[in-house]
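*Asks:* take a look and give me a structure for this.
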Amino acid sequence: MDPTPPHRAAQERSRLHYRLGLLLVVMVSIVVLALAWSFSSLREWLDVDRIVAELRQLASGYGLSIAALAFSVALTLAVPLTFLTLVVVVAFGPVSGFVCAMLGAQVGAGFSYTLGAMLGRDIVRKLGGARVNHISKKLADRGLLAVVAVRMVPVAPFAVVNMIAGASHIRLRDLLLGTLLGMAPGTLGIALFMEAILDAMRKPSAGSGFVVV
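*Replies:* Down below sits the predicted model:
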């Protein structure tokens, strides 16, 4: 016998609560991982010269597109975007490095957006209530500007922002275009001031820090 409608409703709510818990676990894990890259022994893995050499070897064997895919995977694992951008610019030069960073960011954004949509969109629409849905729709109306702003002034790990966008009413098109527009100035700046940034990282001082700022 088919379950009664109340039973189906209870099952649906239970399923949504499970997905909400899974979404929160994934997002918290990304935040913790992002902090670990900066404040734990994982920092030792973020050695510019070593990663540059590995990326060059990867690209020489499989092409720049594979390096861009590696860039997107690292972003999903909460490796800092600025560090990754610097690495690919050093590895491939200003032009190819810029292209690699932008392409990798698009792939990474699309993946984590899709994950957020799969886990969280039904939660927002069915459990969020009228007010939450209204705010989500208003945000989607200015989704492009919102994404551009958060890319220029990052307030959360890259993947977390994408997952929140996926769970909301923001369109994937707006996320990808906003990522392109919002990242371009900073990525171009890293390409132009690559040597000064590397000097500040390798030999930190007040003078080198001032130049980077």
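*Asks:* can you get me a residue count around residue 158?
*Replies:* 27 (other C-beta atoms under 10 Å). Every C-beta, even on glycine, is put in place using the N, C-alpha and C of the backbone.
*Asks:* that one and residue 33, how far apart?
*Replies:* Separation of residue 158 from residue 33 (C-beta to C-beta, to the nearest Å) stands at 12 Å.
*Asks:* quick one: the longest helix anywhere in the chain to chain centroid distance?
*Replies:* When the chain is parsed with DSSP state H, its longest helix is helix 81-127. Relative to the mean C-alpha coordinate of its chain, helix 81-127 is positioned 5 Å out (C-alpha atoms, centre = their mean, to the nearest Å).
*Asks:* output the contacting helices and strands for that helix.
*Replies:* Under the contact criterion of 3 or more C-beta pairs under 8 Å, 6 or more residues apart in numbering; DSSP states H and E, helix 81-127 touches helix 5-39, helix 48-62, helix 64-76, helix 129-141, helix 158-167, helix 172-192, helix 194-202.
*Asks:* okay, and the helix or strand of this structure with the least pLDDT?
*Replies:* helix 206-212 (a mean of 66; mean pLDDT, DSSP states H and E).
*Asks:* quick check, residue 48 in contact with residue 87.
*Replies:* Yes. Between residue 48 and residue 87 a contact is recorded at 6.0 Å, counting by C-beta atoms under 8 Å.
*Asks:* higher neighbour count, these two?
*Replies:* Using other C-beta under 10 Å, the more surrounded residue of residue 48 and residue 87 is residue 87, with 27 against 16.
*Asks:* my guess is the more buried one meets residue 47, correct?
*Replies:* No. Contact criterion C-beta under 8 Å: residue 87 and residue 47 do not qualify, at 9.7 Å.
*Asks:* which neighbours do these two have in common?
*Replies:* Counting by C-beta atoms under 8 Å, 6 or more residues apart in numbering, residue 87 and residue 47 have no contacts in common.
*Asks:* ok, now which ones touch the residue most central in space within the chain?
*Replies:* Closest to where the C-alpha atoms of the chain average out (C-alpha atoms, centre = their mean) is residue 158, at 2.5 Å. By C-beta under 8 Å, 6+ apart, the contact list for residue 158 reads 75, 78, 81, 105, 108-109, 112.
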